[in-house]
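Q: Pasted the sequence and its predicted model underneath.
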Amino acid sequence: MGYYILIGLITLVSMFVSGKLKSKFKKYSRTRLSNGMSGKEIAEQMLADNGIYDVKVLSTRGQLTDHYNPQNKTVNLSESVYLERNAAAAAVAAHECGHAVQHAKGYSWLKFRSAMVPMVNISSKMSMFLIMGGLVLYAMQGIPWILGLGVVAFAVTTLFAFVTLPVEYDASNRALKWMKEKNIVRPDELAMSRDALKWAARTYVVAALGSLAQLVYFASIFMGSRD
């Protein structure tokens, strides 16, 4: 019962944070930047100011599809961020370039996270299958080890969620520091960008806590199966 209450609370918090994030970005999207720069121009300027000339800034379809791809060295901005000239677009563009700066400078947490990706791709696909199958086998034949494998696989995805936190916060900090030091935006626009990135980061925190709660629950079932 306690597990379901906890998951319910985390779900409610996730919905609140997600709703808050959307409202913040919608609000700050109405504030046109005083410098008139688009998200694409913001990204290109930040890359140049950090001495990064081998990363391309591209437009990608969809919403919330913004990301940095370390494999082909591209900053991919959603169409609204790529073209728009507002505080929200500036925040997202600079944040994604923060990841490019991390990559260029060999930021340890990003390297660790990138190294985990192949393993996470496998464990995320297999964990629930192993857990559900393990629960059935344990109930029918008293075999707990498959459930244990599922818990280990799920633990990998949970670790990945927590490793993502310092990567995301550091990228935002790099973005905000650059905007402030280079006077890219006015103080009020910088405050908007900081607020938008703060709520974006909180979505990762909630996701990590939700994953941890599930891991603890599955682990408790496995430990109980061994008694």
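A: Arrived safely, thanks for sending. Numbering: from 1, shown residues only.

Q: residue ranges of the strands in this structure, please?
A: Assigned by DSSP state E, the chain shows strands spanning 56-60, 67-69, 74-78.

Q: Can I get those in TSV including mean pLDDT?
A: Listed next are those as TSV, based on pLDDT from 0 to 100:
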stretch	mean pLDDT
strand 56-60	96
strand 67-69	95
strand 74-78	97
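
Q: so which of those gets nearest T31?
A: Closest to T31 of these, according to C-beta to C-beta: strand 74-78, at 18.0 Å. Just so you know, the C-beta spots here come from the backbone N, C-alpha and C atoms, and that holds for glycine as well.

Q: The closest one - contacts with which helices or strands?
A: Under the contact criterion of 3 or more C-beta pairs under 8 Å, 6 or more residues apart in numbering; DSSP states H and E, strand 74-78 touches helix 39-49, strand 56-60, strand 67-69, helix 87-105.

Q: Point out the most buried one among these.
A: Mean neighbours per residue, mean count of other C-beta atoms under 10 Å, is largest over those for helix 87-105, with a mean of 25.

Q: State the mean pLDDT of that helix.
A: Across helix 87-105, the average pLDDT comes to 97.

Q: C-alpha coordinates for it, CSV please?
A: Only the C-alpha atoms of helix 87-105 are listed here, as CSV (Å, rounded to 0.1, in the frame of the first residue of the first chain):
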residue,chain,number,x,y,z
ALA,A,87,13.6,34.2,-23.7
ALA,A,88,12.4,30.6,-23.8
ALA,A,89,14.1,29.8,-27.1
ALA,A,90,17.3,31.5,-25.8
ALA,A,91,17.3,29.3,-22.7
VAL,A,92,16.8,26.0,-24.6
ALA,A,93,19.3,26.9,-27.3
ALA,A,94,22.0,27.9,-24.8
HIS,A,95,21.3,24.8,-22.6
GLU,A,96,21.8,22.4,-25.5
CYS,A,97,25.0,24.2,-26.4
GLY,A,98,26.0,23.7,-22.7
HIS,A,99,26.1,20.0,-23.5
ALA,A,100,28.3,20.7,-26.5
VAL,A,101,30.7,22.6,-24.2
GLN,A,102,30.7,19.7,-21.8
HIS,A,103,31.6,17.3,-24.6
ALA,A,104,34.4,19.6,-25.9
LYS,A,105,35.9,20.0,-22.4
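
Q: How about the contacts made by Q102?
A: W109, L110, V167, D170, A171, R174 (C-beta atoms under 8 Å, 6 or more residues apart in numbering).

Q: Now for the residue lying closest to E84 once chain neighbours are set aside: which residues touch it?
A: Among residues not flanking E84 along the chain, G39 sits closest, at 6.0 Å (C-beta to C-beta, 6 or more residues apart in numbering). Neighbouring residues of G39 by C-beta under 8 Å, 6+ apart: L77, V81, Y82, L83, E84, R85, A89, A90, V92, A93.

Q: now V205
A: L165.

Q: measure it to M132 for me?
A: Distance, V205 to M132, using C-beta to C-beta, to the nearest Å: 27 Å.

Q: Nearest the middle, which residue of this structure would you pick?
A: Y204 (5.3 Å; C-alpha atoms, centre = their mean).

Q: shouldn't it be in contact with T164?
A: Yes. The pair Y204 and T164 passes the contact test of C-beta atoms under 8 Å, sitting 5.7 Å apart.

Q: Quick check: neighbours shared by the two?
A: What both Y204 and T164 touch, as defined by C-beta under 8 Å, 6+ apart, is an empty set.

Q: Any idea how many residues pack against the residue nearest to L33 when sequence neighbours are not counted?
A: Among residues not flanking L33 along the chain, R85 sits closest, at 5.2 Å (C-beta to C-beta, 6+ apart). For R85, the neighbour count with other C-beta atoms under 10 Å is 18.
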